[in-house]
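Peer 1: Give me coordinates for this.
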Amino acid sequence: MDVLYLILKYTISIFAIVDPFGAIPLIISVLKNFSDKEREFIIKKASIYGCFILIFFLFLGNFFVGILGVSIADFQIAGGIILLLISINIIFGQPLKEKISPEEIPLIKKLENIALIPVATPILAGPGAMVTAMTVASSQESLLNLLIVAISIVITFLISYFILKASKYIQKLLGEIFLDIVSRMMGIVIMALAVQFIVKGIKQNFFPILH
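Peer 2: Presented below is the predicted three-dimensional model:
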């Protein structure tokens, strides 16, 4: 009973941080030019990658950060820059999907790359989720508790996958013209989130007293 309670507790907490419902407008904006099959592939892979990213930071995050001499603030700045570039493309109508020739990288590799960045991270497994995983890990007293948290992460991304998979129906419901308008507006929102990430990272790195 205690194990089930802990799994439920951590699943709710991690789910709130990952926030797949809040990610739906971003996912629609980023993937609006992909086919249903490509979108489903990206969402599936992004859910898997996001899950592994958080599990990695759960077990090795503090060690990894210490070894490299980087901080979560550095991840925030990096994630902010990535989102900033994405937002510029969305606002000015430059889709992520590009025409590629047979001589260029295979489409499957391109889809894998987009699934990893920006969908898996920083949209789903962003700096906040990484910090949460590391903080939870530092507060656990046994390997069993860490495994419980890992199970909660898997459950969270399994649920997130089905939620994000339904985003294609939202896209069809809205229609192409309305979706394009919403997409441009979401580009501004993404840009605001990017600036927030960057400002927070700069405050933590260079002006900790302000943070």
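Peer 1: List the residues that contact the residue nearest to the spatial centre of the chain.
Peer 2: Nearest to the geometric centre of the chain sits L124, at 2.1 Å (C-alpha atoms, centre = their mean). Counting by C-beta atoms under 8 Å, 6 or more residues apart in numbering, L124 touches V18, P20, A23, A46, S47, G50, F157, S160. Where you see a C-beta, it was placed from the backbone N, CA and C, and this is true even at glycine.
Peer 1: From the residues you listed, which one has the minimum pLDDT?
Peer 2: Within these, pLDDT reaches its minimum at A23, with 81.
Peer 1: Just the pLDDT for the residue nearest to it when sequence neighbours are not counted.
Peer 2: Nearest residue to A23, sequence neighbours excluded (C-beta to C-beta, 6 or more residues apart in numbering): I123, at 5.4 Å. Predicted confidence (pLDDT) for I123: 84.
Peer 1: And for I170?
Peer 2: pLDDT, read off for I170, is 72.
Peer 1: Check P208 too.
Peer 2: 63.
Peer 1: Same check on M1?
Peer 2: At M1, pLDDT is 54.
Peer 1: L111 is in what secondary structure piece?
Peer 2: Following DSSP states H and E, one finds L111 within helix 107-114.
Peer 1: swap in L85?
Peer 2: Using DSSP H and E, the element containing L85 is helix 72-91.
Peer 1: Contacts only, for G126.
Peer 2: G79, F197.
Peer 1: S152 too?
Peer 2: By C-beta under 8 Å, 6+ apart, the residues touching S152 are L6, I7, K9, Y10, T11, S13, I14.
Peer 1: for the helix or strand containing K200, packing partners?
Peer 2: Taking DSSP H and E as the definition, K200 sits inside helix 176-206. Packing partners of helix 176-206 (3 or more C-beta pairs under 8 Å, 6 or more residues apart in numbering; DSSP states H and E): helix 20-31, helix 72-91.
Peer 1: Tell me what angle the helix or strand following the shortest one forms with helix 72-91.
Peer 2: If you walk from helix 20-31 toward the C-terminus, the next helix or strand you reach (DSSP H and E) is helix 36-68. Angle between the axes of helix 36-68 and helix 72-91 is 150 degrees (criterion: axes from the mean of the first three to the mean of the last three C-alpha atoms, to 10 degrees).
Peer 1: Name the residues that touch the helix holding L85?
Peer 2: Under C-beta under 8 Å, 6+ apart, the answer for helix 72-91 is 29-30, 65, 94-96, 117-118, 121-122, 126-127, 130-131, 134, 183-184, 186-188, 190-191, 193-205.
Peer 1: need the contact list for I151.
Peer 2: Contacts of I151 (C-beta under 8 Å, 6+ apart): I7.
Peer 1: State the helix or strand in which it lies.
Peer 2: helix 143-165.
Peer 1: picking up where we left off before, which ChimeraX command selects the buried ones in the contacts of helix 72-91?
Peer 2: With 16 or more other C-beta atoms under 10 Å as the criterion, this ChimeraX line picks the buried residues out of these:
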select :29,30,65,96,118,121,122,126,127,130,131,134,183,186,187,190,191,193,194,197,198,199,200,201,202,204,205
